[in-house]
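Colleague: Here's my sequence, what's the structure:
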Amino acid sequence: MTNKTGTLTEGHAKNALQILEKMPWIEEGAQKGQGKYLYVFFNPASSTSKDLYTKTRPYLNYVNIRWIPIRTDETNVNGLYETRTPQALADAFNKGVMPKIRNQKQMNAVENMTFTGFIMMRGGRMLSPEGESYFPTMIYGDSDKLSVVSAPGYIEGMMNNIPLTLPNITQPTIVELAERQPVTLH
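Modeller: As a prediction, the model looks like this:
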């Protein structure tokens, strides 16, 4: 499946954006404050995710991309949650190398919370009408309207349509919550 686009509006867009902003993303780009922001659910072992990573290199001067790694049975992404640098992201895509984990207990909590948020969005059919996972899935917009693009092919037009937004950073992120206290998700 490629280039399947959906739109979230009203409360759904606001709820989805709140979840995205709390996730442990790896940010690339030059935007500070108000700017163009794109969230991408990906798995570094996915060839379509790697292809998207390669295609986005020319856009980093005017779009910030917030890559959100999602584990699969084949790929543990906890090292990316802990390191969260563009270099670690590049190494994961280009070399297949994941950063070493220093605090396994904390990263397990981060992984559980991140995967739970992803499953909530998927189960709520915010990511696809079938409730399926597609890597990569790109999300952009604001709390009134979010566009969701599953497994994108042609990205130039989409990059031009990303609106200016101001990210909300007032609530604690998943990483901050995992640092503060033990978290058990059921």
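Colleague: show me where the chain has helices.
Modeller: 10-22, 47-56, 78-83, 86-95, 104-123, 156-161, 174-180 (DSSP state H).
Colleague: could you dump the fifth one to CSV, C-alpha only?
Modeller: Looking back up the chat, that one is helix 104-123. The C-alpha coordinates for helix 104-123 follow below in CSV (Å, rounded to 0.1, in the frame of the first residue of the first chain):
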residue,chain,number,x,y,z
GLN,A,104,17.5,-0.8,30.2
LYS,A,105,14.8,-0.4,32.9
GLN,A,106,14.0,3.1,31.9
MET,A,107,14.1,2.3,28.1
ASN,A,108,11.7,-0.7,28.7
ALA,A,109,9.2,1.7,30.3
VAL,A,110,9.7,4.2,27.3
GLU,A,111,9.2,1.4,24.8
ASN,A,112,6.0,0.2,26.6
MET,A,113,4.5,3.6,26.8
THR,A,114,5.4,4.4,23.2
PHE,A,115,4.1,1.2,21.8
THR,A,116,0.9,1.6,23.8
GLY,A,117,0.4,5.1,22.3
PHE,A,118,1.0,3.7,18.9
ILE,A,119,-1.4,0.8,19.4
MET,A,120,-4.0,3.2,20.8
MET,A,121,-3.7,5.3,17.6
ARG,A,122,-3.8,2.3,15.4
GLY,A,123,-6.7,0.6,17.2
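Colleague: mind listing what's buried in that helix?
Modeller: With burial defined by 16 or more other CB atoms under 10 Å, the residues of helix 104-123 counted as buried are 106, 107, 109, 110, 111, 112, 113, 114, 117, 118, 121, 122. Where C-beta positions appear, they are placed from N, C-alpha and C, glycine not excepted.
Colleague: So for it, mean pLDDT?
Modeller: On average, the pLDDT along helix 104-123 is 90.
Colleague: again with stretch 37-44
Modeller: On average, stretch 37-44 scores 95.
Colleague: Good, wrapping up.
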